[in-house]
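**Q** A structural model of the following input is requested.
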Amino acid sequence: MTQTHAGFIAIIGVPNAGKSTLLNGLLGEKLAIVSPKVQTTRTNLRGVLTVDNNQYIFVDTPGIHKARRQFDQAMVDAAWGALSDSDVVVLVVDAIKGFDRNVTGLIESLQKIKSNESCPPILLVLNKIDKVDKIKLLPLMAKAGEMNIFDDVIPLSALKKKGCEIVLKEVGKYLPESPLLYDKDTLTDMPSRLWAAEATRERAFLLLGDELPYSISVETMEFNTRDDESTEIIQHIYVERDGQKKIIVGKDGQMLKRIGQQAREAMQVMFGGTVHLFIQVKVRPNWASDIHHMRMLGLEPSKGKSR
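**A** Okay, here's the model as predicted:
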């Protein structure tokens with residue numbers, strides 16, 4: 001019988017380090033939403049890659065940061081939870097920023113965990129090296145080696161997909177012997193209605209840029225298959241104030257139309273068929289503290305614990 005290996009790999013880091021870009025690069029597919037804004041990822045997202053007899057189950061996590069709201073703390077808790085359930089940890093660090101205060105704080109937390117014998121291997125990925133001079137990169141790698149916490153240090157450019165094959169090779173060394181946990185053609189176990197909501201949120205982020213506040217969320221209310229096999233999706237975009245609603249709708253509804261059109265095109269690629277998308281923007285002042293809404297996104301309300 002052919003020996004197979006499968007395991008969970010938590011991709012962690014501070015906001016905007018390039019975790020989601022790395023996930024997409026490793027999978028060779030656009031799965032995780034990406035934007036220049038920090039804290040784009042809000043919940044753990046599993047991406048599955050099966051290569052020969054190895055199955056990599058990557059878990060993209062929210063950026064670990066100092067939370068100010070219950071919603072933010074729930075995101076941070078989700079990231080730490082993924083680490084505790086993983087077979088391998090990949091810490092992504094923006095090589096441009098290096099080991100700044102936020103990254104150093106995260107590494108200190110990892111060092112405490114590392115003292116526990118049950119801690120999984122930790123690989124450091126120095127991302128965005130295409131924008132960093134080698135003169136700066138080499139000292140970063142040397143400093144990482146001196147920390148005595150990382151089992152390997154890998155420089156790469158996730159955006160240009162340079163170095164992703166090295167990550168797969170190194171992670172593969174630590175995958176436990178196991179039956180394959182998903183079908184070989186599975187890309188993710190994320191529910192289609194949740195992925196659709198993320199696709200719309202991404203387009204809003206990218207189209208509105210700095211105009212768009214972080215105080216928005218998208219919920220898929222209905223996800224149905226029509227008689228002609230096309231998909232009908234009804235979504236609500238939630239904002240906290242009327243002024244935010246006006247920004248998203250735009251003059252004569254043109255911005256909302258653009259968001260919907262681009263989101264629909266992304267969904268059609270993902271779902272492989274015609275999508276009919278209907279979006280409404282609703283003012284919901286306290287959506288970020290709504291426990292039901294958090295759980296809809298796959299988050300659990302914080303119990304006040306932090307690292």
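**Q** now the residue lying closest to Gly7 once chain neighbours are set aside: how far from Val76?
**A** Take Gly7 and drop its neighbours on the chain: the residue closest to it by Cβ to Cβ, 6 or more residues apart in numbering is Asp87, 3.5 Å away. The C-beta positions use only the backbone N, C-alpha and C, and glycine is treated the same way. Between Asp87 and Val76 the computed distance is 22 Å (Cβ to Cβ, to the nearest Å).
**Q** who are the neighbours of the helix or strand hosting Ile154, in terms of helices and strands?
**A** Remark: Ile154 resides in strand 152-155, with elements defined by DSSP states H and E. Applying 3 or more Cβ pairs under 8 Å, 6 or more residues apart in numbering; DSSP states H and E, we find strand 152-155 packed against strand 122-127, helix 134-146, helix 164-172.
**Q** if we compare those, which one ends up closest to Lys246?
**A** Minimum separation from Lys246 across the helices and strands packed on strand 152-155 (Cβ to Cβ) falls at strand 122-127, 36.6 Å.
**Q** now that closest one and helix 134-146, what's the angle there?
**A** Angle between the axes of strand 122-127 and helix 134-146 is 170 degrees (criterion: axes from the mean of the first three to the mean of the last three Cα atoms, to 10 degrees).
**Q** how far is strand 122-127 from where the chain is centred?
**A** For strand 122-127, the distance from its own C-alpha centre to the chain's C-alpha centre is 16 Å (Cα atoms, centre = their mean, to the nearest Å).
**Q** Going toward the C-terminus from the host helix or strand of Ala197, what's the next helix or strand?
**A** For Ala197, the enclosing helix or strand under DSSP H and E is helix 192-208. For helix 192-208, the succeeding helix or strand toward the C-terminus, using DSSP H and E, is strand 216-225.
**Q** Okay, now the sheet partners of that next one, with direction.
**A** strand 231-239 (antiparallel) (DSSP bridges).
**Q** Convert the C-alpha atoms of the partner strand to PDB, please.
**A** Extracted in PDB, the C-alpha atoms of strand 231-239 (Å, rounded to 0.1, in the frame of the first residue of the first chain):
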ATOM      1  CA  THR A 231     -26.400  30.200  -9.300                       C
ATOM      2  CA  GLU A 232     -28.500  32.900  -7.600                       C
ATOM      3  CA  ILE A 233     -26.800  34.700  -4.800                       C
ATOM      4  CA  ILE A 234     -28.300  37.400  -2.600                       C
ATOM      5  CA  GLN A 235     -26.000  39.400  -0.300                       C
ATOM      6  CA  HIS A 236     -26.100  42.200   2.300                       C
ATOM      7  CA  ILE A 237     -23.200  44.600   2.800                       C
ATOM      8  CA  TYR A 238     -23.400  45.900   6.300                       C
ATOM      9  CA  VAL A 239     -22.000  49.300   7.300                       C
END
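**Q** Buried ones in that strand, by neighbour count?
**A** Judged by neighbour count using 16 or more other Cβ atoms under 10 Å, the buried positions of strand 231-239 are 231, 233, 235-239.
**Q** From the chain's centroid, how far away is that strand?
**A** Strand 231-239 has its average C-alpha position 21 Å from the chain's average C-alpha position, going by Cα atoms, centre = their mean.
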